[in-house]
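[1] Provided below are the primary sequence and the corresponding predicted coordinates.
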Amino acid sequence: MGTIGNVFSILIFTRKSLWRSCSMYFLASAINNFPVLYFGAITRMLADGYALDPTRYSLPYCRFRNYFSYATYNLSPYWSMWATIDRFCSSSANPRYRQFSQLKVAYVLIPSTILVSGGGFLHTLVFFQIQNGSCKAQSGLYAQFFGIFTLCFYFLPVLLIFIFGLLTIFNVIQQHQRIQPIQMYGTRSAKQIEGQLLKMLLVHLAVYCLLAMPYNVLLAIVAAYTTPSTLFLFIQNLSRILLNASYSVDFYIYTLSARLYRKEFLKLLQHVFGPNLIRIQERTVASTSKANRTYSRSPARIKELVPDNNGTK
C-alpha cells in the first residue's frame, strides 16, 4: 500500500501542471518515505516478528541503523514545515514574502535540510552502544541529551507548522475580506491550484500529527529512562505502527481531499493506459445506467403481465 501510493505521488508531483515550490516539498516527502519504509520499518518488523536483529550483536550495524533511521524519520516534519511556510508566503499580501514561494528556493532548501538532518544525528554513530542485548543511547548524560535533542529536533518544525499554519489561514481570511483582492497567482487557474495545494497540506498535517506525534513523544521519554516498563514498551510498539502508517497514507489522503490531485491522477492513468481506460470507464457507466433503467422499469412491466384478482391483465 505504501509503495504504490508513494510511487503514484512521485509521478503526480513531477507532472508539469503541478510544478510548484509546494509540490517539491510534497515530492521530497514522498521520496523520503521509501528509506523509512524499506529500511526502518522492515528491519524493525524483522526484529520484532522474527527475532532477526543484528543490532543486538553488531555494534557498527547498531549505530548505522539508528543513525539512518533517525535522520530519515525526522525529515518528514521538515518537509511539512517548508510546505507550510511556502503556503504562508504564497498567500501573503507582501510581495517580499511571496518571493520565498519559488522553485529556486525549494531547490536550495531541500538538499540543505537533508544535510542538516544527516549532520544533526552524527553523534549516534559514536554514542550508541549495545547494552544488555539492546542497541540504545549510551547510559548517563548522553541518554538524557539524546532524549532532549530528539524531542527538540522533532517539535521545532511541528511548532513552526502550527504557527505558520495559523498565519496562512489568517492570510486566506484577509483575502476574502478585501473588496479588491490582490492578484497573487496570476490567473484563476493558478489560484485554484494554489488553493488545492493548501487544502492538501492542511489535511496532510492533521493526519501526520495524529499518527506520528505519539511515537516521537514516547521515544523521547524512553531515551531518558534506562529501564522502561513492559507496558510502556508495548504502548510504544503500538504507536510505531501508527508512525509507519503515516509514511504510507499520503497518496490516499491527497486523493480524497483534493480534486486537483484526483484529476492529475486520472490524467496519469490515461497517459499510462491510453484512451482505452476512458472507453472502459464509459462502457462501465453506460452499462450501469442501462441496468438501472431496466431495473426501474421492471416492476411496472411485471404489473402489466400479472393478472389481477378479476382475471384481467
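    Good, I have the coordinates. Numbering: from 1, shown residues only.
[2] how close does the residue nearest the centre of the chain get to S21?
    For the chain, the residue nearest the mean C-alpha position is D250 (3.9 Å; C-alpha atoms, centre = their mean). To S21, D250 is 18 Å away according to C-beta to C-beta, to the nearest Å. Where C-beta positions appear, they are placed from N, C-alpha and C, glycine not excepted.
[3] Helices along this protein, start to end?
    2-13, 21-35, 42-50, 59-73, 76-91, 95-98, 103-120, 124-127, 141-177, 188-223, 230-246, 250-257, 259-273, 276-305 (DSSP state H).
[4] Any chance of JSON lines for these, columns mean pLDDT?
    Putting the helices of the chain into JSON lines (pLDDT from 0 to 100) gives the following:
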{"stretch": "helix 2-13", "mean pLDDT": "89"}
{"stretch": "helix 21-35", "mean pLDDT": "94"}
{"stretch": "helix 42-50", "mean pLDDT": "84"}
{"stretch": "helix 59-73", "mean pLDDT": "94"}
{"stretch": "helix 76-91", "mean pLDDT": "93"}
{"stretch": "helix 95-98", "mean pLDDT": "90"}
{"stretch": "helix 103-120", "mean pLDDT": "96"}
{"stretch": "helix 124-127", "mean pLDDT": "95"}
{"stretch": "helix 141-177", "mean pLDDT": "88"}
{"stretch": "helix 188-223", "mean pLDDT": "81"}
{"stretch": "helix 230-246", "mean pLDDT": "85"}
{"stretch": "helix 250-257", "mean pLDDT": "89"}
{"stretch": "helix 259-273", "mean pLDDT": "86"}
{"stretch": "helix 276-305", "mean pLDDT": "51"}
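[5] Go through these and pick out the most buried.
    Mean neighbour count, computed with mean count of other C-beta atoms under 10 Å, is highest for helix 76-91 among the helices of the chain, reaching a mean of 25.
[6] for that helix, packing partners?
    In terms of contacts (3 or more C-beta pairs under 8 Å, 6 or more residues apart in numbering; DSSP states H and E), helix 76-91 is packed against helix 21-35, helix 95-98, helix 103-120, helix 141-177, helix 188-223.
[7] do you know which of those lies nearest A51?
    When those are compared by C-beta to C-beta, helix 188-223 sits nearest A51, at 20.6 Å.
[8] Determine the angle, from 0 to 180 degrees, between that closest one and helix 21-35.
    Orientation check (axes from the mean of the first three to the mean of the last three C-alpha atoms, to 10 degrees): helix 188-223 against helix 21-35 gives 40 degrees.
[9] okay, the angle between helix 188-223 and helix 259-273?
    100 degrees.
[10] quick one, helix 188-223 and helix 250-257 angle?
    140 degrees.
[11] how distant is helix 188-223 from the center of its chain?
    Its chain's C-alpha centre and that of helix 188-223 lie 7 Å apart, by C-alpha atoms, centre = their mean, to the nearest Å.
[12] Show me what that helix is packed against.
    Against helix 188-223 (3+ C-beta pairs under 8 Å, 6+ apart) you get helix 21-35, helix 76-91, helix 141-177, helix 230-246, helix 250-257, helix 259-273.
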